[in-house]
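Student: Model the following, please.
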Amino acid sequence: MNVKDYKGIFVFIEQRNSIIQKVSIELLGKGRELADELGVELTALFLGENIEDSSIDLIHYGADRVVFLDDEQLSIYTTEPYTQAMTAAIHDYKPEIVLIGATAVGRDLAPRVSARVETGLTADCTKLEIGENSNLWMTRPAFGGNIMATIICTEHRPQMSTVRPGVMKSLVKDTSRSGDIIRLDVQLEKNHLNVEVLEVIKEEKEKINIEDADVLVSGGRGVGSRVIIPSLKFWQMNLRVRFLLRALLSIQVGLIMTVRLVKLVRQFGLICILRSVFPELSSMLPAWKNLSSS
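Tutor: As a prediction, the model looks like this:
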């Protein structure tokens, strides 16, 4: 394999019910940064059904071009047709870097594609940067998050990485941008489709997605009484944040945990206690004063 034959960056665009998922917009933002540094084009690979009209949005979020395949076999994610389509796109366009969201779909798709194109894959990355010899440095937590490992793929292309949702920053939509929208020329082999989805039944639930919150306010065991709950709701309304209240029995100290940098939670699964974020809480919560003075 001659790595010099591979140029450009691919971002796999995940969609559900023809709606582009947020993690893909985030990856376009990071892909734009890496493409500018390397001086190459950024391509959005968009697979699904009834998606052609949405392709222009990907240009507006940073892609130079969109390569799409609109096929009824891609309406609901199943492994084989998506793997066929993405493998064909990589063979045709030969990107040097491929980025995929580390979602349920991405974690199933990425290793299968990497095996078929015979390259490596670094999963659950939290940091991407261009290093020596224009190689992609892919950093991810290892050994239970105790260390951060940086991995490079020097001898094979493309360099493939899955990236956790919420880690990268998306660009502001720029409707003045223009680019090419190209239909992928590939015929999916129906006789290789091992799984057929007969029906999808959705369970309707009212859930709050904490990935969409900038600030989380949570009460733990240290609250000690339900009397404090109205105060928590007061801060919820005044801070304009989504409210999350859990019985965190493992928390032995502290009355309020304010998590300002949600990225840390997403990257390492940690809850950071930032007492200094909202010092006004000190006047309301006596135990907070005790913690601050100790």
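Student: Tell me which strands the strand or helix carrying Ser161 pairs with, and in which orientation.
Tutor: Ser161 belongs to strand 159-163 when assigned by DSSP states H and E. Strand 159-163 pairs in its sheet with strand 97-101 (parallel), strand 121-125 (parallel), by DSSP bridges.
Student: so which of those strands gets nearest Gly131?
Tutor: strand 97-101 (12.3 Å; CB to CB). No exception for glycine: its C-beta is placed from N, CA and C like everyone else's.
Student: I'd like the average pLDDT over that closest one.
Tutor: In this model, strand 97-101 has an average pLDDT of 97.
Student: can you check stretch 55-66 too?
Tutor: pLDDT averaged over stretch 55-66 gives 96.
Student: Equivalent analysis for stretch 204-220, please.
Tutor: Mean predicted confidence for stretch 204-220 is 65.
Student: out of the strands paired with strand 159-163, which comes closest to Ser170?
Tutor: Of the strands paired with strand 159-163, nearest to Ser170 by CB to CB is strand 97-101, at 12.0 Å.
Student: Thr150 and Glu132, how far apart?
Tutor: 12 Å (CB to CB, to the nearest Å).
Student: These two: which is more packed in?
Tutor: The neighbour comparison of Thr150 against Glu132 (other CB atoms under 10 Å) goes to Thr150, with 14 against 8.
Student: For the chain, which segments count as helices?
Tutor: Along the chain, the segments classed as helices by DSSP state H run 22-38, 55-60, 79-93, 104-116, 229-239, 262-268, 281-284, 286-293.
Student: got the contact list for the second one?
Tutor: Residues from elsewhere that reach helix 55-60, judged by CB atoms under 8 Å, 6 or more residues apart in numbering: 13, 20, 28, 44, 46, 65-66, 68, 173-175, 177-179, 181.
Student: 10 Å instead?
Tutor: For helix 55-60, contacts defined as CB atoms under 10 Å, 6 or more residues apart in numbering pick out 11, 13, 20, 24-25, 28, 42-46, 51, 63-68, 70, 171-183.
Student: Kindly supply the PyMOL command isolating those of these that are buried.
Tutor: Command for PyMOL that selects the buried part of the contacts of helix 55-60, burial taken from 16 or more other CB atoms under 10 Å:
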select buried, resi 11+13+20+24+25+28+42+43+44+45+46+51+63+64+65+66+67+68+70+171+179+181
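Student: Kind regards, and thank you for your time.
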